[in-house]
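Trainee: Below is the sequence, then the predicted model.
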Amino acid sequence: MNKDKKKIFIIDTSAILSGKPLSFGNAELITTINIEQEIKPGGRDYLNYIYLKEKCLILKTPSKDSLKKIKETIEKTGDIDRLSIFDTEILAIAFDENKQKDVEVAILTDDYSIQNVATYLKIKFNSINQNGIIKKFKWISRCRGCGKKFKDNISICPICGSDTKKIVIKKEEIDE
């Protein structure tokens, strides 16, 4: 990250559940105001969350415009079934923060679908416990019965009635 720019890390649930210390000097740590719904009260993870919230964690709500942009993007990439509403909010907050001048934004996540969508939106990400993705994917639905492919998010084939599954139709190198 650039030393002259203000550093902002958007953290998702996997960052909190990692158990790793999340301290980055004077960088801001931001997450969705709804993250508590993904962290069960009690236990080490919840205590870690409470500690972060009391020390430095900023809770935000994403803008409606950014939520709309994220929803459009996850439909295009096919990640719509892979991301929770909280994941969508994390991406939207990162999108909002990335609009500011003189800031450098990165999402802290081990969630490959968040990373995939972030690459399409040109938002940086850092992994915590795993290697990050090295290619970005585009997913579609394919019928398990007749093999028909659908660009739309369809779970039951309208032709033969079989279940569909997600398949990768496009893999691309991540632009640096």
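Mentor: Here it is on my side, so go on. Residues are numbered from 1 along each chain as shown.
Trainee: give me the number of residues near K68?
Mentor: Residues lying near K68 (other CB atoms under 10 Å) number 12. (Glycine included, C-beta is placed from N, CA and C.)
Trainee: how far away is it from K165?
Mentor: 28 Å (CB to CB, to the nearest Å).
Trainee: again with E104
Mentor: Counting by CB to CB - E104 and K165 are separated by 38 Å.
Trainee: if you count what's nearby, which of those two comes out ahead?
Mentor: Between E104 and K165, counted using other CB under 10 Å, the more crowded position is E104 (18 against 12).
Trainee: Check for me that that one belongs to a helix.
Mentor: No: membership of E104 in a helix is not supported by DSSP: H, G, I helix; E, B strand; the rest coil, which gives strand.
Trainee: which one is it nearest to, not counting chain neighbours?
Mentor: K5 (4.3 Å; CB to CB, 6 or more residues apart in numbering).
Trainee: residues in contact with the one you found?
Mentor: Contacts for K5 (CB atoms under 8 Å, 6 or more residues apart in numbering) come out as D102, V103, E104.
Trainee: List the buried residues in the helix or strand bottoming out on mean pLDDT in the chain.
Mentor: Least confident helix or strand of the chain, by mean pLDDT, DSSP states H and E, is strand 164-173 with a mean of 79. Residues of strand 164-173 classed as buried: T164, K166 (neighbour count, 16 or more other CB atoms under 10 Å).
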